[in-house]
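Colleague: Quick one: sequence and predicted model below, then my questions.
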Amino acid sequence: MNNKTRTSIKWLSVAILFLATVSVLSIYWQMVSQLWLNPAEERVVWNQNGLAWQIFIIAGHFIGVTLLYVFCWIFLIRTNRSLRSGEIFPRSNVSLIRWTALVTVLATFVHTNYSAVIQGDMTTALDSNTIFFPLIVLLFAGLYKMAYLAAKDSNLAI
């Protein structure tokens, strides 16, 4: 891989991480505001009958967003590090993408129920995205693994 391509991938990674950081900080700010900073009528409506459910959804939202952000960092760092050594697709990213699919199940389920929980509503919703998005991520994990195997086979042939 030539130096120009590596440089462009590096700068694209920096741009992705910058946008991801801004997005995560925005989500954190929104959560902190809803919990403590907003006026009383705009804060979380705590329902004593479903307090555990509300805490689970709010904590799940925080954990899901944080894990996806951390996985993004790890993926891009591994990719850029492996590009320096001449490997295009590091094998370790395959399992990371699979873990991302698992976290995506939690993140989409929590996201579906988050607004209702903030308003004090205890209904549970299961959206089709809870199944659809993780399946797409698993598809990309499979494609990534195939690309890794093809690159490995190509290196053996040379």
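Modeller: Sure thing, it's come through. Source: prediction; values computed, not measured.
Colleague: which residues sit in contact with the residue nearest to the spatial centre of the chain?
Modeller: Nearest to the mean C-alpha position of the chain, counting by C-alpha atoms, centre = their mean, stands residue 68 at 2.5 Å. For residue 68, the contacting residues are 100, 103, 104, 107, by C-beta atoms under 8 Å, 6 or more residues apart in numbering. Placement of C-beta: from N, CA and C, glycine included.
Colleague: State the distance from the nearest residue to the second one once chain neighbours are set aside to residue 53.
Modeller: Nearest residue to residue 103 in three dimensions, chain neighbours excluded: residue 67, at 4.7 Å (C-beta to C-beta, 6 or more residues apart in numbering). In this view, residue 67 and residue 53 are 21 Å apart by C-beta to C-beta, to the nearest Å.
Colleague: can you pull out the helices in the protein?
Modeller: Using DSSP state H, the helices assigned to the chain run over residues 3-32, 51-84, 92-118, 129-157.
Colleague: Provide the count of other residues in contact range of the closest residue to residue 97 other than its chain neighbours.
Modeller: Leaving aside its chain neighbours, residue 97 sits nearest to residue 141 (3.9 Å; criterion: C-beta to C-beta, 6+ apart). For residue 141, the count of nearby residues is 19 (other C-beta atoms under 10 Å).
Colleague: got the contact list for residue 141?
Modeller: Counted by C-beta under 8 Å, 6+ apart, residue 141 has contacts 94, 97, 98, 100, 101.
Colleague: still on that earlier bit, look up the pLDDT of the residue nearest to residue 103 for me, please.
Modeller: Here the pLDDT value assigned to residue 67 is 98.
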